[in-house]
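Undergrad: fold the following.
(2 chains)
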Amino acid sequence: KAGVTQTPRYLIKTRGQQVTLSCSPISGHRSVSWYQQTPGQGLQFLFEYFSETQRNKGNFPGRFSGRQFSNSRSEMNVSTLELGDSALYLCASSSGPTGVDTEAFFGQGTRLTVV
Amino acid sequence: AQSVTQPDIHITVSEGASLELRCNYSYGATPYLFWYVQSPGQGLQLLLKYFSGDTLVQGIKGFEAEFKRSQSSFNLRKPSVHWSDAAEYFCAVGEGVNFNKFYFGSGTKLNVKP
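TA: As a prediction, this is how the structure comes out:
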């Protein structure tokens, strides 16, 4: 079974631009979460979608947004990029809330560099 | 507020030696605790998780962790480290009903000496 696929793997953007990252979850998974990983702040939760609805949101500015499609694929968008947005963006998918019998599977991430 | 502390940024152990990575959490309710491993250029892989019951949890790759409520700790252990265990390890706590929101520690980078 294919894993979580994130595209693109690497991205270089200029300050002020906007960017869209994509995450295709494991087939059958309806929950997709997004995390930002930086050397200074570590792994921080951005948001989570389940069946096209945002259920949870982290403490990030409104420049960070996301959505989920009916096929569970998710995109996140960052507008007006800042140098500090340079990070590895990870998404995780699961069939539902991680519990005793479920697990969140992470993709390899998209490495975004803002110059 | 929920938080996870991993006090050791880097740890170096010799191959074959035992390993213990420390994790302390702060959480108001019953914590749901996880250990993930990340190899360079890769995503996170779940090693083990604790929800309830037996406080000693077995995971993949020979890892185990012990939940100690009195010490707010969830330390990861392995009796004999292999060179392939070199990676970064993250402890995390899951929030409430929606466990797909994790609070991660800052990570511990493990180096393994031959």
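Undergrad: who are the neighbours in contact with residue A:72?
TA: A:25, A:29, A:30, A:32, A:93 (C-beta atoms under 8 Å, 6 or more residues apart in numbering or on different chains). For glycine as for every other residue, the C-beta is placed from the backbone atoms N, C-alpha and C.
Undergrad: output these as a markdown table; include the columns neighbour count.
TA: As requested, the contacts of residue A:72 are exported to a markdown table (neighbours: other C-beta atoms under 10 Å in any protein chain shown):
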| residue | neighbour count |
| --- | --- |
| A:25 | 27 |
| A:29 | 19 |
| A:30 | 15 |
| A:32 | 28 |
| A:93 | 28 |
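Undergrad: please flag which of those sit within strands.
TA: The strands, defined by DSSP state E, take in A:32, A:93 from the contacts of residue A:72.
Undergrad: reformat the contacts of residue A:72 as JSON lines; add pLDDT and distance to chain B.
TA: JSON lines is the format used below for the contacts of residue A:72 (pLDDT from 0 to 100; distance: C-beta to the nearest C-beta, whole Å):
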{"residue": "A:25", "pLDDT": "96", "distance to chain B": "11"}
{"residue": "A:29", "pLDDT": "90", "distance to chain B": "10"}
{"residue": "A:30", "pLDDT": "90", "distance to chain B": "11"}
{"residue": "A:32", "pLDDT": "93", "distance to chain B": "8"}
{"residue": "A:93", "pLDDT": "92", "distance to chain B": "9"}
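Undergrad: tabulate the contacts of residue A:72 (CSV), appending distance to residue A:59.
TA: Listed next are the contacts of residue A:72 as CSV, based on distance: C-beta to C-beta, whole Å:
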residue, distance to residue A:59
A:25, 24
A:29, 25
A:30, 24
A:32, 19
A:93, 22
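Undergrad: now the residue most central in space within chain B: closest residue in space, sequence neighbours ignored.
TA: Closest residue to the average C-alpha location of chain B: residue B:35 at 3.4 Å, with C-alpha atoms, centre = their mean. Nearest residue to residue B:35, sequence neighbours excluded (C-beta to C-beta, 6 or more residues apart in numbering or on different chains): residue B:47, at 4.4 Å.
Undergrad: returning to that earlier point: contacting residues for the residue nearest to the centre of chain B?
TA: B:21, B:23, B:46-49, B:59, B:63, B:65, B:74, B:76, B:89-92.
Undergrad: what helix or strand does it sit in?
TA: strand B:32-38 (DSSP states H and E).
Undergrad: C-alpha coordinates for the next helix or strand after that strand, PDB please?
TA: Following strand B:32-38 in sequence order, the next helix or strand is strand B:44-50 (DSSP H and E). Presented in PDB, the C-alpha positions along strand B:44-50 are these (Å, rounded to 0.1, in the frame of the first residue of the first chain):
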ATOM      1  CA  LEU B  44       8.500  10.400  11.100                       C
ATOM      2  CA  GLN B  45       8.000   6.800  11.900                       C
ATOM      3  CA  LEU B  46       6.100   5.600  15.000                       C
ATOM      4  CA  LEU B  47       8.200   3.500  17.400                       C
ATOM      5  CA  LEU B  48       5.600   3.000  20.100                       C
ATOM      6  CA  LYS B  49       2.700   4.600  21.900                       C
ATOM      7  CA  TYR B  50       1.100   4.600  25.300                       C
END
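Undergrad: elements contacting strand B:44-50?
TA: Where contact means 3 or more C-beta pairs under 8 Å, 6 or more residues apart in numbering or on different chains; DSSP states H and E, strand B:44-50 is packed against strand A:105-106, strand B:32-38, strand B:56-58, strand B:64-68, strand B:73-78.
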